[in-house]
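Asker: give me a model of this one.
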Amino acid sequence: MIMTATTEQQQSARTPIQRDQLITLGDLLEFKTSLLQEFSALLEPLLRQGSKDQAKRWLKADEIRAMLRISAGKLQYLRDTGVIPYTKLGGITYYDYNEIVAIMESGKHENG
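Answerer: Okay, here's the model as predicted:
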């Protein structure tokens with residue numbers, strides 16, 4: 001097989017390049033445009049997903065812990081003492097992002 005590949009390379013090296021085989025500036029510009037359009041089409045769903053994540057209203061405990069940089073125990077304490085409001089649905093605890101931000105900005109909390 002190595003001999004075949006080498007032989008093919010030698011034969012193609014001897015074959016003269018035809019005028020219609022040359023790449024022109026126009027060809028390169030057309031390729032660039034096509035490539036950028038394909039990349040845009042591939043990235044668009046990812047960018048939309050990123051904006052959905054930013055607009056996400058309800059966060060789970062691990063997301064809140066990462067956002068506030070607190071431990072699971074501290075989050076439980078804040079929830080139990082009513083500092084952080086929450087909603088429980090199907091055994092999963094959710095926190096309203098807007099309420100958490102409002103609490104952080106105001107520096108106040110509700111005891112409930």
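
Asker: so where is the protein shaky, pLDDT-wise?
Answerer: Residue ranges of the chain with pLDDT under 70: 1-13, 49-55, 108-112.

Asker: now do 90
Answerer: 1-24, 35-57, 67, 89-91, 98, 101-112 (pLDDT under 90).

Asker: domain ranges for it, per the record?
Answerer: 21-55, 58-106 (automatic domain parsing).

Asker: okay, the ones you listed, which one's buried deepest?
Answerer: Counting by mean count of other Cβ atoms under 10 Å, domain 58-106 has the highest mean neighbour count of the domains of the chain, with a mean of 13. For glycine as for every other residue, the C-beta is placed from the backbone atoms N, C-alpha and C.

Asker: now do that one: distance to the chain's middle.
Answerer: Offset of domain 58-106 from its chain centre (Cα atoms, centre = their mean, to the nearest Å): 23 Å.

Asker: ends of that domain, what's the gap?
Answerer: Using Cα to Cα, to the nearest Å, the end-to-end distance of domain 58-106 comes out at 20 Å.

Asker: quick revisit: using JSON lines, please lay out the domains of the chain together with distance to residue 15.
Answerer: As requested, the domains of the chain are exported to JSON lines (distance: least, Cβ to Cβ, whole Å):
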{"stretch": "domain 21-55", "distance to residue 15": "10"}
{"stretch": "domain 58-106", "distance to residue 15": "61"}
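
Asker: so which of those domains comes closest to residue 14?
Answerer: With distances scored as Cβ to Cβ, the stretch of the domains of the chain nearest to residue 14 is domain 21-55 (14.7 Å).

Asker: other SSEs contacting the longest strand anywhere in the chain?
Answerer: Using DSSP state E to assign secondary structure, the strand with the most residues in the chain is strand 92-96. Applying 3 or more Cβ pairs under 8 Å, 6 or more residues apart in numbering; DSSP states H and E, we find strand 92-96 packed against strand 58-60, helix 61-68, strand 87-89.
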